[in-house]
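Novice: Need the 3D shape of this:
(one chain, ligands or ions: 1)
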Amino acid sequence: MTTGRIHHQILPAGIANVFIDNPAKKNAMSFEMWTQLLDTIEQLSANNAAKVIVIQGEGGEAFCSGADITQFSEVRTEANSAQFDELTRLTTVQLSKSPKPTVAAIRGYCLGGGLNLALSCDIRIADSTARFALPPARLGIAYPGYALSNLVSAVGEQAAKYLLYTARRITAADALEFGLLARVIEADSFESELISLANDIAVNAPLSIRATKIGIASIRASDGTTEEPAFMELVEKCYSSEDYREGTAAFKEKRAPIFKGS
Ligand code: COA
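Specialist: Predicted structure coming up:
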């Protein structure tokens, strides 16, 4: 039986495309795929060639239909569900805490664990065909805290409860209105808009983006306090960086900056 796979490719511009590849199951994530995704994000987070990580579903029909339900009787039983939750938690934390900026590029279905994955990315964009749902109440399971926290932080308590209590499927337009997405793009221009977005991120100053990522995460963690030492350190590091000098020099010289991440 197919368990799918995660594969990736780093483009010369520094765009690391990561593919969720299990089309026979609408890109459902098997246990093996969660493990591969964790490894992939770990590797890319440490790879200087990767400037931005973009996660997408192979084939364009689905981003991800959630965890592979056919494996639940094996990997998500009363006896071992904690192990499954720990693997998915580690994967999503790895994404949320990656020093690289992350983008979820969503086409087609984005359901359950697939939506949780997308919620762990910094920016979510979708094409107009995308459909979203959180069906744990239909399957009789409940999400652990980290998944609820990502959701509530993106859409607020009202929309989170609406989605989880009803398990209703919503359109890309509704998802945009709920705050789940940064943008919805027409299907025929999605690919070019995605490349343009990823390029805009990849050419910008890595330290600046990293400080912003940690800063925004710390606002969420501490309810408004942004004085977390790691964050303050990164903000200061930006000011003493070569990239900061390069950015301001390029502006004055009316040319594109070339950033090095130092
Ligand atoms: N896990 C395992 N298999 C899945 C799956 C999942 N999360 N999602 C889809 N599949 C499989 C289907 O069982 C079907 O397999 P089959 O061809 O052997 O019958 C195949 O993918 C195609 O799905 P199908 O339901 O026929 O396509 P559809 O276009 O009618 O509907 C979905 C697609 C994604 C809306 C529907 O399959 C679905 O609701 N999936 C479950 C989503 C879910 O509850 N996810 C949360 C998991 S925590």
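
Novice: Please report the distance of I125 from I55.
Specialist: Note on I125: its distance to I55, by CB to CB, to the nearest Å, is 11 Å. For every residue, glycine as well, the C-beta is placed using N, CA and C.

Novice: nope, D39 is what I was after
Specialist: Distance from D39 to I55, by CB to CB: 14 Å.

Novice: secondary structure class for E78?
Specialist: What DSSP: H, G, I helix; E, B strand; the rest coil gives for E78 is coil.

Novice: residue contacts, the closest residue to A205 other than its chain neighbours?
Specialist: Of all residues not flanking A205 in the chain, D243 sits nearest, at 4.4 Å (CB to CB, 6 or more residues apart in numbering). Contacts for D243 (CB atoms under 8 Å, 6 or more residues apart in numbering) come out as A205, P206, L207, S208, P257, F259, K260, G261, S262.

Novice: swap the cut-off to 7 Å and go again
Specialist: With contact set as CB atoms under 7 Å, 6 or more residues apart in numbering, D243 has these partners: A205, L207, F259, K260, G261, S262.

Novice: Looking at those, spot the one nearest E177.
Specialist: Nearest to E177 among the contacts of D243: A205, at 32.2 Å, using CB to CB.

Novice: Number of residues surrounding the closest one?
Specialist: 19 (other CB atoms under 10 Å).

Novice: In a strand, P257, correct?
Specialist: No: counting by three-state DSSP, P257 is not part of a strand but coil.

Novice: how long is stretch 15-31 end to end?
Specialist: Using CA to CA, to the nearest Å, the span of stretch 15-31 from its first residue to its last is 26 Å.

Novice: do that stretch and the ligand meet at all?
Specialist: Yes: interface with the ligand: stretch 15-31 contributes K25, K26, A28 (CB under 6 Å from any ligand atom).

Novice: Reduced to three states, what does R245 come out as?
Specialist: On the basis of three-state DSSP, R245 is classed as helix.

Novice: That one and G14, how far apart?
Specialist: Taken as CB to CB, the span from R245 to G14 is 21 Å.

Novice: okay, those two: which has more neighbours?
Specialist: G14 (19 against 12).

Novice: surely the more buried one meets A49?
Specialist: Yes: using CB atoms under 7 Å, G14 is in contact with A49, at 6.4 Å.

Novice: Tell me how many other residues surround K100.
Specialist: 23.
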